[in-house]
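[1] how would this look folded up:
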Amino acid sequence: MLKKLLTGTVVLISAIIAGVSVHKQPTTSPDYATPTTQVITGKVIRVADGDTLTILDASNRQTKIRLYGVDAPESAQDFGNKSREKLASLVAGKNIAVTVVDVDQYGRSVSRINVDGKEVAEEMLQAGMVWLYTSYCQIPECKYWKTLETRARKAKVGLWANPSAQKPWKWRQAHR
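    Below you'll find the predicted structure:
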C-alpha cells in the first residue's frame, strides 16, 4: 500500500513539473464559498482583459480563466486597457498553476492565481486596476482584499484617480 501511495505521489509531482494539467473534482458547491482542490497548469497565451486570460496546457488544451474575487473595467471603460496591461505584465507568457474555485456562466474557470509567490488578485487591487467583487468574493482573504482596495482608493491609485470611476457590473448593465 505504501508503495502504491509513493508511486502515485511521484507520478503527480512529475506531471506537475512536466506542465501537464492535473484535474480533480471540485469539492465545493458553486457558491464561491471555499476554494476547490482542482488545479490547472499551463502557459498563459492570451490576456483578454484585466480579469480574464487563457492558458494552454501540455495537451494543447486551452482553458479560459476568470480571476476570482475581482472585476476589471471593461475594455471600453476608463482604465480597461491599463487593467489588461497590468494583468499581462504579471502573467503573460508564464507557466502558471491556477486553483479553480468554480466555473462561471460563460464556461470560464473562476480561479485564484499565484505567480512568483504573489496572489494576482492582490496585485491588481493594490495597483488600483480592479474592483473587489464583493457579491462573489466569499473566502476569508476577501476581508484583507477589501483593505487593499480601500488603500488604493484613498491613494487615488490607478482607476481611483478618476472620481467618477464606474463599477464594471454597473457599466455592463447600462450598456446591454
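[2] Contacts for stretch 47-61, please.
    Residues from elsewhere that reach stretch 47-61, judged by CB atoms under 8 Å, 6 or more residues apart in numbering: 18-21, 40-46, 62-67, 70-75, 80, 83-84, 86-88, 91-92, 96, 98, 108, 124, 129-130. C-beta coordinates here come from the backbone N, C-alpha and C atoms, glycine included.
[3] buried subset of the residues you listed?
    For the contacts of stretch 47-61, a burial check counting by 16 or more other CB atoms under 10 Å picks out 21, 40-44, 63-67, 70-74, 80, 83-84, 86-88, 91, 96, 98, 108, 124, 129-130.
[4] hey, which strand is longest across the protein?
    Longest strand in the chain by number of residues (criterion: DSSP state E): strand 39-49.
[5] I'd like the C-alpha coordinates of that strand written as PDB, please.
    What follows is strand 39-49, C-alpha atoms only, in PDB (Å, rounded to 0.1, in the frame of the first residue of the first chain):
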ATOM      1  CA  VAL A  39      -5.600  22.700 -10.100                       C
ATOM      2  CA  ILE A  40      -4.900  23.600 -13.800                       C
ATOM      3  CA  THR A  41      -1.400  24.300 -15.100                       C
ATOM      4  CA  GLY A  42      -0.400  25.800 -18.400                       C
ATOM      5  CA  LYS A  43       1.300  28.700 -20.200                       C
ATOM      6  CA  VAL A  44      -0.600  32.000 -20.400                       C
ATOM      7  CA  ILE A  45      -1.200  32.500 -24.100                       C
ATOM      8  CA  ARG A  46      -3.700  35.400 -24.000                       C
ATOM      9  CA  VAL A  47      -4.800  38.100 -21.700                       C
ATOM     10  CA  ALA A  48      -8.300  39.300 -22.800                       C
ATOM     11  CA  ASP A  49      -8.800  41.900 -20.100                       C
END
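[6] So which residue is smack in the middle of the protein?
    L67 (2.2 Å; CA atoms, centre = their mean).
[7] Tell me, how many residues neighbour the residue nearest to it when sequence neighbours are not counted?
    Once flanking residues are discounted, L67 sits nearest to D51: 4.2 Å by CB to CB, 6 or more residues apart in numbering. Close neighbours of D51, defined as other CB atoms under 10 Å, add up to 28.
[8] try Y133
    Neighbourhood size, Y133 [other CB under 10 Å]: 21.
[9] Check it and give its pLDDT.
    Taken from the predicted model, the pLDDT recorded for Y133 is 93.
[10] Repeat that for S164.
    89.
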